[in-house]
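K.L.:
sharing a sequence plus its predicted fold:
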Amino acid sequence: MTTIERRPALASLTPLDGENDDAARLPRLERAPQPAPPSVPVADGVAPTPGSIDADPTDAAVRRRALPTLTKRRAGTTVSADAHKATGAERARTGRVPAAVLIVFSRQLASFLEAGIPVLEALEVVGSESTSDRMRTVASDMRETVMRGGSFSDATARHPSVFPGWYRAMVRSAEFTGRLDVVLEQLAVYLERDQQARRQVKSALTYPTFVLVVASVAMVVMSIFVLPKFAAMYDKLGATLPLPTRILLNWTQFVSSAWPFLLGGAVAAALAWTLVFGSTGAGKRRRDRLAMRTPVVGKIYHLVCVERFCRVLAALSAAGVPLPEGIEMSADSTSNTVFQDRMATVREALVRGEGLSRPLTDVDLIPTAGMQMLRVGERTGNLSVQLSKAAAFFEREVAYTMKRATDLFQPAVIVLVGLLIGFVAVAQVAALYSVFGQVNP
């Protein structure tokens, strides 16, 4: 029977070349058996390395594991947002997604990350469960971007038609705070509030719009078929018509004879609007300035931007981000060029050491109540706390102002339609009474 010599599994220390025979006859020193490292689940085919976040069992590490670093390194390469700028064609194919789909995506992803699930697995599950084909495509592309070493903000930046500018800026701020789950939940709240506001406006305007359409159709029918017959009858009678009737008849005659010019003017106005307020940088600035100056809508838009600015700056300040960089990122989150341009001067003043409250007062963007909170926070050293309180205050102001505006829309449109119909009725009845009085004195 052949015996097989069992050799030790671990390597042994052997003498180096050139040593004497005595040294060669020394007993070999066997290595002490080392305990096996604890098993760690392997996600996406990438095993965690010692000292990595995945090897840390603490709660803080679990939260950090859900958030990719600003620049990951894999296989000795570094991937950043600049590496994806050449993929404009791929980015354009995704198109837009409904707001409800983006809300569900943000909320589900926040829940997964809060539970400690890695972002790659979270994107895979959330994308596969989405009811939108475009959102599944976007989630798959985002997962590939993160797997190649890009950050989560890089992944969202590849799809600007899906994620608004303020959404991407807040995600970028979350990479500094390490609380991506909290920011995604807040983004879902923002999107839900915007969607609810749109629904309230649509609900408030459904009946008035229907009445306005019916009244417009009635006016068109009267102008084409009814009023010309009355005008011919009034001319035959030679009666003197009252002022409302003359205004109505002249208007219908003008519309019926000059409708090609009116249609051309409407097309020219639409083209001029596109050229002046288009998608270019200058057009965006004009559009933002116009929105800020529009009655009612401008106030709501201003408060929304202030609330978002304060909330993002509070999160960045609590995370220890330098205030100049925090000011810039918070202004970007508003997607308002007016805020971005004026906050750039605030950032320059901060770099010069002029503090925060005085430059913010000079740009005149933060209301008085918010400025008082900011001054208190700057003096006491609790700027992030006061900014959070200011954001909560302005959030309530936005909700109240929006509700009051939507409550006023419906009666305003109904009154407008009533005035229009009343004018037509008064013009016709006054003409009939005037003609009857002149024919039968």
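P.N.:
All right, it came through fine. Fair warning: this is a prediction, and the values are worked out from it, not measured in the lab.

K.L.:
roughly how far does Arg179 sit from Leu113?
P.N.:
9 Å (CB to CB, to the nearest Å). All C-beta atoms are positioned from the backbone trio N, CA, C, and that covers glycine.

K.L.:
please say which of the two ends up with more neighbours.
P.N.:
Each of Arg179 and Leu113 has its neighbours counted (other CB atoms under 10 Å); Leu113 has more, 26 against 21.

K.L.:
pLDDT wise, what is the more buried one at?
P.N.:
Per-residue pLDDT puts Leu113 at 91.

K.L.:
what's in contact with the helix or strand where it lies?
P.N.:
Taking DSSP states H and E as the definition, one finds Leu113 inside helix 99-114. Residues outside helix 99-114 that contact it (CB atoms under 8 Å, 6 or more residues apart in numbering) are 63, 66-67, 119, 121-123, 125-126, 129-132, 135, 139, 162-163, 180-182, 184-185, 187-188, 191-192, 194-195.

K.L.:
how many residues are close by Met222?
P.N.:
Met222 sits with 16 neighbouring residues when counted by other CB under 10 Å.

K.L.:
that one contacts Phe423, correct?
P.N.:
No: Met222 is beyond contact range of Phe423, at 12.0 Å (criterion: CB atoms under 8 Å).

K.L.:
got any ranges where this structure has weak pLDDT?
P.N.:
In the predicted model, the chain carries pLDDT under 70 at residues 1-95, 201, 204, 438-441.

K.L.:
domains for it, by residue range?
P.N.:
56-163, 198-441 (automatic domain parsing).

K.L.:
which stretch among the ones you listed approaches Ala169 most closely?
P.N.:
domain 198-441 (3.8 Å; CB to CB).

K.L.:
sorry, back to before: among the contacts of helix 99-114, the buried ones, what's the ChimeraX command?
P.N.:
A single ChimeraX command suffices to select whichever of those are buried according to 16 or more other CB atoms under 10 Å:
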select :63,66,67,119,122,123,126,130,132,135,139,162,163,180,181,182,184,185,187,188,191
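
K.L.:
give me the subset of the contacts of helix 99-114 lying in strands.
P.N.:
Using DSSP state E, no member of the contacts of helix 99-114 falls in strands.

K.L.:
which element is the closest residue to Thr209 other than its chain neighbours on?
P.N.:
Spatially, and ignoring its direct neighbours in sequence, Thr209 is nearest to Val413 (7.2 Å; CB to CB, 6 or more residues apart in numbering). Under the criterion of DSSP H and E, Val413 resides in helix 383-439.

K.L.:
tell me where the stretch 251-400 of the chain has helices.
P.N.:
Counting by DSSP state H, counting those that start in this stretch, one finds helices in the stretch 251-400 of the chain at the ranges 281-293, 297-318, 323-333, 337-351, 357-363, 368-380, 383-439.

K.L.:
and Arg285, what is it in contact with?
P.N.:
By CB under 8 Å, 6+ apart, the contact set of Arg285 is Thr337, Val338, Asp341.

K.L.:
oh, I was asking about Cys310
P.N.:
Contacts of Cys310 by CB under 8 Å, 6+ apart are Ser330, Ile366, Gly370, Leu387, Ser388, Ala390, Ala391, Phe394.

K.L.:
pull the most distant pair out of the residues you listed.
P.N.:
That would be Ile366 and Ser388, which, of these, are the farthest apart (CB to CB) at 14.6 Å.

K.L.:
count of residues packed around Ser106?
P.N.:
24.

K.L.:
so how many other residues sit close to Gln410?
P.N.:
17.

K.L.:
again, but for Thr380
P.N.:
10.

K.L.:
how close does it get to Leu241?
P.N.:
Distance of Thr380 to Leu241, computed by CB to CB: 74 Å.

K.L.:
mind listing residues that contact stretch 394-412?
P.N.:
193, 197, 200-201, 204-205, 207-208, 296-297, 299-300, 303-304, 306-307, 310, 367, 370.

K.L.:
ditto for stretch 363-375
P.N.:
Against stretch 363-375 from outside (CB under 8 Å, 6+ apart): 302, 306, 310, 338-339, 342-343, 345-346, 356-357, 360-361, 383, 386-387, 389-390, 393-394.
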